[in-house]
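Q: Whatever this is, show me its structure:
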Amino acid sequence: RANLKHLVKQAEIRIEQTNLPLADEEKSFFVSATAGFLAATLSTALSHPIDTAKARIQMGQPPIVLGDPTAGLSLLYRGVGPNIAKEAPNAGIYLGVYEAFKGLLLSWLPGIQYYPILLYMVAGAAGDAVGSLIRVPAEIVSKRLQLGLSLNWREATQEAFFTPAGRAFSRRIWTAVLLRDVPYGALQIAIYEQLKTLLMTSEASTPTGALSNALAGGLAGMISAFLTTPPDLLVTKLSAENASVPLGGSRAAGVFGTWKRIVQEGGYSGLWKGSLQRSLYYLPLCGVFFALYEVFRFLISHPSNILDYLACIEGLVWRKIGGAS
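A: Now for the predicted structure:
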């Protein structure tokens with residue numbers, strides 16, 4: 001066991017020696033975008049059932065019973081493909097633009113370095129706004145599948161984007177998504193960066209340090225998700241609007257009309273419907289996402305350390321097994 005600890009420690013030292021100082025290319029758009037895409041793919045697949053449960057609660061639909069042979073787990077994972085298509089490219093663009101725009105802000109406004117929270121929030125908002133170009137279409141398709149408004153992704157895509165009424169509806173929901181995602185993107189990255197700094201250890205780029213990144217990411221995602229529940233509810237309501245009102249019909253409410261109806265039906269407290277499920281969804285999602293993001297970002301920049309990283313993971317696993325026995 002002493003020899004195992006020594007081997008793991010040596011691998012961690014080699015990783016840290018490579019990682020300090022950080023390579024300039026690690027801040028590039030390509031590295032951050034690729035790492036964000038890979039991390040979002042894995043973390044979204046794991047967290048999708050909670051997102052489905054949250055969407056059904058917001059629309060007043062009955063909960064899914066796992067033992068039900070007609071629904072169960074398959075219904076919880078309905079729409080997982082469009083959800084990954086929504087999250088993964090968006091995450092790549094979000095973090096790529098975030099890193100690039102953060103560098104531009106520092107060069108344009110050197111004094112902003114003394115206001116790091118402002119720097120993070122402005123760059124994060126810009127990243128999420130650009131990412132909405134990918135996120136919005138997939139958001140509409142995913143919500144239609146989760147709520148049972150379309151039988152499959154082809155039907156959802158046809159109904160939402162290939163009719164004049166569908167395109168008019170998509171333009172309305174774009175506004176709602178921006179009202180939700182731009183504040184969320186700004187808050188999430190600012191909270192994460194601050195927590196990561198507070199929790200920073202000398203093993204930040206090793207498998208052991210990934211735990212602190214997961215904690216910082218999970219808390220950042222949970223807090224930001226809770227605070228942006230009202231616009232998320234607005235997106236869900238607008239996505240399901242054509243279940244009872246024809247898309248583009250004269251009775252179809254816009255963003256502010258839908259917001260007003262939510263308050264009339266449930267009061268201001270009704271704006272927070274599904275906040276618990278939304279927070280619980282983003283807690284593990286963002287925890288896993290940011291831990292994986294930092295790992296992928298490091299390994300893409302330093303591929304020669306992949307074997308050392310795998311050695312660390314293997315050593316930690318065997319250490320846990322040995323401790324349990």
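Q: alpha carbons only for contacts and neighbour counts from here, please
A: OK.
Q: Verify the stated contact: residue 289 with residue 37.
A: No. Under the criterion of Cα atoms under 8 Å, residue 289 is not in contact with residue 37, lying 9.7 Å apart.
Q: When these two are compared, which one has more neighbours?
A: Each of residue 289 and residue 37 has its neighbours counted (other Cα atoms under 10 Å); residue 289 has more, 29 against 25.
Q: Give the helix, strand or coil label for residue 150.
A: Secondary structure for residue 150, judged by DSSP: H, G, I helix; E, B strand; the rest coil, is coil.
Q: Report the separation between it and residue 86.
A: Relative to residue 86, residue 150 is positioned 17 Å away (Cα to Cα, to the nearest Å).
Q: now swap in residue 158 and tell me
A: 17 Å.
Q: quick one: which of these two has more around it?
A: residue 86 (26 against 13).
Q: Which positions within the helix or strand that contains the more buried one qualify as buried?
A: For residue 86, the element it lies in under DSSP states H and E is helix 80-108. Residues 80-103, 105 are the ones in helix 80-108 that count as buried (16 or more other Cα atoms under 10 Å).
Q: Stretch 143-156 too?
A: Within stretch 143-156, the residues that qualify as buried by neighbour count (16+ other Cα under 10 Å) are 143, 144, 145, 146, 147, 148, 149, 150, 153, 156.
Q: Kindly export that stretch (C-alpha atoms) in PDB.
A: Extracted C-alpha coordinates of stretch 143-156, given in PDB (Å, rounded to 0.1, in the frame of the first residue of the first chain):
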ATOM      1  CA  LYS A 143     -39.300  20.500 -24.400                       C
ATOM      2  CA  ARG A 144     -41.900  19.200 -26.900                       C
ATOM      3  CA  LEU A 145     -40.600  15.600 -26.500                       C
ATOM      4  CA  GLN A 146     -40.400  15.800 -22.700                       C
ATOM      5  CA  LEU A 147     -44.000  17.100 -22.500                       C
ATOM      6  CA  GLY A 148     -45.400  14.600 -25.000                       C
ATOM      7  CA  LEU A 149     -46.400  17.300 -27.600                       C
ATOM      8  CA  SER A 150     -44.600  15.500 -30.400                       C
ATOM      9  CA  LEU A 151     -44.000  11.800 -31.000                       C
ATOM     10  CA  ASN A 152     -40.400  12.100 -32.100                       C
ATOM     11  CA  TRP A 153     -37.600  14.600 -32.900                       C
ATOM     12  CA  ARG A 154     -38.500  14.700 -36.600                       C
ATOM     13  CA  GLU A 155     -42.100  15.600 -35.900                       C
ATOM     14  CA  ALA A 156     -41.100  18.200 -33.200                       C
END
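Q: what pLDDT, on average, does that stretch get?
A: Stretch 143-156 shows a mean pLDDT of 77.
Q: just how off-centre is it within its chain?
A: The chain centroid and the centroid of stretch 143-156 are separated by 21 Å under Cα atoms, centre = their mean, to the nearest Å.
Q: cool, stretch 285-303 as well?
A: 14 Å.
Q: Can you point out the buried residues in it?
A: So for stretch 285-303, counting by 16+ other Cα under 10 Å, buried means 285-302.
Q: do stretch 121-138 as well
A: 121-132, 134-138.
Q: Identify all contacting residues around stretch 210-225.
A: With contacts defined as Cα atoms under 8 Å, 6 or more residues apart in numbering, stretch 210-225 is touched by 184, 187-189, 191-192, 195-196, 199-200, 204, 275, 278-292, 294-295.
Q: Neighbours of residue 260, how many?
A: Neighbours around residue 260, by other Cα under 10 Å: 14.
Q: Ok, residue 42 next?
A: 16.
Q: so how far is residue 53 from residue 178?
A: From residue 178 to residue 53 the distance is 23 Å (Cα to Cα).
Q: Thank you kindly, that will do.
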